[in-house]
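Asker: all I have is the shape, not the residue letters:
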């Protein structure tokens, strides 16, 4: 990660200053080009790289599947943000997830929450049905459920926190102890809590982000990022999976992703503040049976969230609408600012009736609406949801 010299009134001008992480993120880990003076990194579209007269690679790159120049600043910045020793960029979140699961030995046991991102859980269920892995699902709402599930030998414990889309909170430090006691690695999907949570600092071995979401922030790039605590043999295996399965991202998409990451702090801070304000506004609304948001003191996981979420409580929340599925779907199609769409983490706010897109085995309530809070003024968001509730209930 490049360092940018800065001065302040309290220091001599010749003394270099290490900037804050926020400043390094704004600069995207890319110093000004000393030849051209460009302050924006170039795009390298080449998929193959030349050798010199001794048939030695001229630079650090060989072929697209092995990694490209536009990956490096994204991976270095992602590793720095999560306090890791290295990071890998993938063509989608599920590609990164599948690469981690691929390193589980045949017949190995994977432990995961009963409620989680459905695409990842469907993949685990498929592998379990084929006999490739043994899958154990635990009730993320019940204290001690993960400890009970991890009492037997395991290879991988995969958790989300907060859990999508019910936003239950899992204690990462406790999960790390349980996973390690079972001989497993702990991987934490931190897609919904970028910047606010540092899973590696709490004992996780891997942190995962669907970079399609908050890291990109503009709903125009698909990607995944895996960050490791150690660059050990297991990490080498994940690197090998990416190289041989080809789950890579294009150079232009990587460039766009870096551009999005440069505003990550501003977007996450703004959206998190708005999510808390919206959650508090509707918490006692009679048209809403429940507001699910870890920033509320009434949330059963609030104290754990306070201990491990250090920069707000995230931009994701759900509401359970009084009147059931019919009313919930009517609300989702009555908003004018919230866009009824899948995904999360963009600058625009989204609303989604989750039961309509979840698989048949899902236990997500059919009255649940998932809200991804963007950067619009929170007053507009509250007024829009209030209008939709009035029109539908």
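Answerer: Sure thing, it's come through. Worth saying up front: this structure is predicted, and the values here are computed from it rather than measured. Numbering: from 1, shown residues only.
Asker: quick check, residue 126 in a helix?
Answerer: Yes. Per DSSP: H, G, I helix; E, B strand; the rest coil, residue 126 lies within a helix segment.
Asker: how many neighbours does it have?
Answerer: 12 (other CB atoms under 10 Å). Yep, even glycine has a C-beta here, placed from its N, CA and C like the rest.
Asker: mind listing what residue 26 touches?
Answerer: Neighbour list for residue 26: 262-263, 265 [criterion: CB atoms under 8 Å, 6 or more residues apart in numbering].
Asker: just the residues you listed: which are in helices?
Answerer: Using DSSP state H, the subset of those located in helices is residue 265.
Asker: out of everything not next to it in sequence, what's closest to residue 49?
Answerer: residue 61 (4.5 Å; CB to CB, 6 or more residues apart in numbering).
Asker: would you confirm that the one you found contacts residue 68?
Answerer: Yes. Counting by CB atoms under 8 Å, residue 61 touches residue 68, with 6.5 Å between them.
Asker: which of the two has more neighbours?
Answerer: Taking neighbours as other CB under 10 Å, residue 61 and residue 68 compare with residue 68 leading, 22 against 19.
Asker: residues contacting the more buried one?
Answerer: By CB under 8 Å, 6+ apart, the neighbours of residue 68 are 44, 46-47, 61, 248, 251, 254.
Asker: if we use 10 Å, what do you get?
Answerer: Residues near residue 68 by CB atoms under 10 Å, 6 or more residues apart in numbering: 43-47, 49, 61, 89, 248-251, 254.
Asker: tell me which residues of the helix or strand that contains residue 242 come out buried.
Answerer: Using DSSP states H and E, residue 242 maps to helix 233-245. Residues of helix 233-245 classed as buried by neighbour count (16 or more other CB atoms under 10 Å): 235, 238-239, 241-243.
Asker: adding pLDDT, write those out as a markdown table.
Answerer: Compiled in a markdown table, these are given as follows (pLDDT from 0 to 100):
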| residue | pLDDT |
| --- | --- |
| 235 | 98 |
| 238 | 98 |
| 239 | 97 |
| 241 | 97 |
| 242 | 97 |
| 243 | 95 |
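Asker: who's in contact with residue 350?
Answerer: 219, 332, 335, 338-344, 370-374.
Asker: please apply the same query to residue 310.
Answerer: 193, 195-198, 201.
Asker: can I get the buried part of those as one PyMOL selection?
Answerer: Buried subset of the contacts of residue 310, written as a PyMOL selection, criterion 16+ other CB under 10 Å:
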select buried, resi 193+195+196+197+198+201
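Asker: count the neighbours of the nearest residue to residue 181 once chain neighbours are set aside for me.
Answerer: Distances taken as CB to CB, 6+ apart place residue 150 nearest to residue 181, at 7.0 Å, with adjacent residues excluded. Residue 150 has 24 neighbouring residues, counting by other CB under 10 Å.
Asker: hang on, residue 150 packs against residue 184?
Answerer: Yes. Between residue 150 and residue 184 there is a contact under CB atoms under 10 Å: 6.8 Å.
Asker: overlap in contacts, those two.
Answerer: Going by CB under 10 Å, 6+ apart, residues that sit against residue 150 and also against residue 184 are 109, 111, 157, 178.
Asker: tell me which of the residues you listed has the lowest pLDDT.
Answerer: The lowest pLDDT within the shared contacts of residue 150 and residue 184 belongs to residue 178, with 94.
Asker: quick one, what contacts it?
Answerer: So residue 178 contacts 111, 144, 146-151, 154, 157, 171, 184, 186 (CB under 10 Å, 6+ apart).
Asker: so what's residue 159 closest to, chain neighbours aside?
Answerer: Nearest one to residue 159, counting by CB to CB, 6+ apart, is residue 170 at 5.1 Å.
Asker: quick one: contacts for that neighbour?
Answerer: Neighbours of residue 170 in contact, by CB under 10 Å, 6+ apart: 113, 138, 140-141, 145-146, 159-163, 188, 301, 304-305, 308.
Asker: apply 7 Å and report the result again.
Answerer: 140, 146, 159, 161, 163 (CB atoms under 7 Å, 6 or more residues apart in numbering).
Asker: tell me how far the third one lies from residue 62.
Answerer: Right, the one you point to is residue 159. 35 Å (CB to CB, to the nearest Å).
Asker: got the contact list for stretch 36-49?
Answerer: 30, 32, 57-59, 61-64, 68-70, 73, 251-252, 255, 258.
Asker: in stretch 267-279, what counts as buried?
Answerer: 267-279.
Asker: averaged pLDDT, it. What do you get?
Answerer: Mean predicted lDDT for stretch 267-279 stands at 98.
Asker: how far does that stretch sit from the chain's center?
Answerer: Between the centre of stretch 267-279 and the centre of its host chain there is 17 Å, according to CA atoms, centre = their mean, to the nearest Å.
Asker: so what's residue 28 up against?
Answerer: Contacts of residue 28 (CB under 7 Å, 6+ apart): 73, 77, 258, 261-262.
Asker: same question, residue 369
Answerer: Counting by CB under 7 Å, 6+ apart, residue 369 has contacts 318-319, 321, 328, 331-332, 351-353.
Asker: just to revisit the earlier point, who has more neighbours, residue 159 and residue 62?
Answerer: The residue with more neighbours, out of residue 159 and residue 62, is residue 159; 25 against 13, by other CB under 10 Å.
Asker: flag every buried residue along the helix or strand hosting that one.
Answerer: Assigned by DSSP H and E, residue 159 belongs to strand 156-160. By neighbour count with 16+ other CB under 10 Å, strand 156-160 contains the buried residues 156-160.
Asker: equivalent analysis for stretch 377-385, please.
Answerer: Buried-residue list, stretch 377-385, by 16+ other CB under 10 Å: 378, 381-382, 384-385.
Asker: sorry, back to before: isn't the residue nearest to residue 49 right up against residue 69?
Answerer: Yes. Using CB atoms under 7 Å, residue 61 is in contact with residue 69, at 6.3 Å.
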